[in-house]
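S.K.: sequence plus the predicted model coming up.
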Amino acid sequence: GENVEQHPSTLSVQEGDSAVIKCTYSDSASNYFPWYKQELGKRPQLIIDIRSNVGEKKDQRIAVTLNKTAKHFSLHITETQPEDSAVYFCAAIYSGYSTLTFGKGTMLLVSP
Amino acid sequence: EAEVAQSPRYKITEKSQAVAFWCDPISGHATLYWYRQILGQGPELLVQFQDESVVDDSQLPKDRFSAERLKGVDSTLKIQPAELGDSAMYLCASSLVGGVSPLHFGNGTRLTVT
């Protein structure tokens, strides 16, 4: 089955800095890669996703890049704000009725 | 915006007791998932339903856990008997068609087994 590794486990930045979280996956057939944000005590929420036919996707301050050859994808947050503080999870799936495999999460702390 | 409903929000039970969680997915979502999330880790799938059928329950400890989605809408996850190691957040999620359609999570049930 799929295995997703996520780094770093914790990340501390100053407000306004950029943050990058990286994930690697094992199954070369995986073709959908979502990112979820989970604030303390709340549900995980989808913030951005990318499919394997695209190398990069942006949504305001958030971007995701995908390198299929190296089997890794990254989340980039620019101009970080204190409200970006949360745990971020990457995930990967092979299309069809298979199941998302999540990374272990990155706790991002943005200090004012 | 439609949400996945879960209850109860918190549950404290003694070990060896039975406990049940309920989930109502977003209307029209055919695929329903139960995940377990241990503090500091990512969600781990317990069971996946497509309509009323189980698609994947390979990680469900079937000696003590059971799940059903009898009419293909809401679902119940049961643990009997509960063990100390079952303490975790139990998250329900739904998606429109499964596979690569986005997951929508409920607020979860925080289970504490004493």
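M.R.: Received, thanks.
S.K.: list the contacts of B:Gln59.
M.R.: In this structure, B:Gln59 makes contact with B:44-47, judged by Cβ atoms under 8 Å, 6 or more residues apart in numbering or on different chains. No exception for glycine: its C-beta is placed from N, CA and C like everyone else's.
S.K.: where in the chain is pLDDT low?
M.R.: Just going to use chain A. A:95-97 (pLDDT under 70).
S.K.: please go with chain B instead
M.R.: B:99.
S.K.: and chain A, which residues reach chain B?
M.R.: Taking Cβ under 8 Å from any Cβ of the partner chain as the criterion, chain A approaches chain B at residues A:6, A:31-32, A:34, A:36, A:42-46, A:49, A:51, A:89, A:91, A:93, A:95-100, A:102-105.
S.K.: repeat that with 7 Å
M.R.: Within chain A, the positions near chain B by Cβ under 7 Å from any Cβ of the partner chain are A:32, A:34, A:43-44, A:46, A:49, A:89, A:93, A:95-100, A:102-105.
S.K.: show me which of those are buried.
M.R.: Burial of the residues of chain A next to chain B was assessed by neighbour count (16 or more other Cβ atoms under 10 Å in any protein chain shown); the buried members are A:32, A:34, A:43-44, A:49, A:89, A:93, A:98-100, A:102-105.
S.K.: restricted to helices, list these.
M.R.: For those, not one is inside helices, with DSSP state H as the criterion.
S.K.: biggest separation within those, which pair?
M.R.: Distances among these were taken as Cβ to Cβ; the most separated pair is A:Arg43 and A:Ser98, at 22.4 Å.
S.K.: so how far is chain B from the nearest residue to A:Asp27 once chain neighbours are set aside?
M.R.: Taking Cβ to Cβ, 6 or more residues apart in numbering or on different chains, and ignoring the residues beside it in sequence, A:Asp27 has A:Glu2 as its nearest neighbour in space, at 4.4 Å. When Cβ to the nearest Cβ, to the nearest Å is applied, the distance between A:Glu2 and chain B equals 11 Å.
S.K.: which residues touch residue 68?
M.R.: Here I'm looking at chain A. Contact analysis of A:Lys68 by Cβ atoms under 7 Å, 6 or more residues apart in numbering or on different chains lists A:Ser52.
S.K.: sorry, should have said chain B
M.R.: Here B:Glu68 is in contact with B:75-76 (criterion: Cβ under 7 Å, 6+ apart).
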